[in-house]
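Enquirer: here is a sequence with its predicted model. Questions after.
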Amino acid sequence: MVNRKLVGAHYGLLDWLVQRVTGVVMAAYTAIVAYALVQGAGSSYERWLAFMSSTSMRFISFLCVVSLCWHAWIGVRDTWMDYVQPAGIKLTLHVLTVLSVIGCGGWAVQILWRL
């Protein structure tokens, strides 16, 4: 039997840390893309495609997509947990949120694979 704490001072610490780390990853990605745009990567479609289809940029973009999905899941899940009381509605919203996050994440990865 697993003895898991459901309440207490450290409940939610991991979620808080994940929110901060994923936020930093997304901010770094934004800074990288903004710097590339300032340097002229967006001046033509060919330059933008060359920039975005490099292996390193595809990997960094993938990390950003995963971070965005994880960040969104924790934020929306916590909102449902805090503000929705009926268990059936809460469960339905959780399932719809998971399906939405997985669908959007899969779509973003599919776009990255097409580059």
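Expert: Everything's here; your move. Numbering: from 1, shown residues only.
Enquirer: center of the protein, which residue is that?
Expert: L68 (1.3 Å; C-alpha atoms, centre = their mean).
Enquirer: just confirm it contacts A27, I think it does.
Expert: No: using C-beta atoms under 8 Å, L68 is not in contact with A27; the gap is 11.6 Å. No exception for glycine: its C-beta is placed from N, CA and C like everyone else's.
Enquirer: at which residues are the helices of this structure located?
Expert: Counting by DSSP state H, the chain has helices at residues 13-38, 45-52, 55-83, 87-114.
Enquirer: ok, and for the first one, which residues are buried?
Expert: Under the neighbour-count criterion of 16 or more other C-beta atoms under 10 Å, helix 13-38 has 19, 22, 25-26, 29, 32-33, 36 buried.
Enquirer: low-confidence ranges, this protein, go.
Expert: When residues are selected by pLDDT under 70, those of the chain lie in 1-11.
Enquirer: try 90 this time
Expert: Residue ranges of the chain with pLDDT under 90: 1-13, 112-115.
Enquirer: ok, the closest residue to the residue nearest to the centre of the chain other than its chain neighbours to A108 distance?
Expert: Leaving aside its sequence neighbours, L68 sits nearest to M26 (C-beta to C-beta, 6 or more residues apart in numbering; 6.1 Å). M26 sits 13 Å away from A108, taking C-beta to C-beta, to the nearest Å as the criterion.
Enquirer: kindly report the same for H71.
Expert: In terms of C-beta to C-beta, H71 sits 13 Å off from A108.
Enquirer: quick revisit: please identify the most buried of the helices of the chain.
Expert: Most buried of the helices of the chain, by mean neighbour count (mean count of other C-beta atoms under 10 Å): helix 55-83, with a mean of 15.
Enquirer: report the angle between that helix and helix 87-114.
Expert: 170 degrees (axes from the mean of the first three to the mean of the last three C-alpha atoms, to 10 degrees).
Enquirer: and helix 55-83, how far out from the chain middle?
Expert: Here the centre of helix 55-83 is set off from its chain's centre by 1 Å, with C-alpha atoms, centre = their mean, to the nearest Å.
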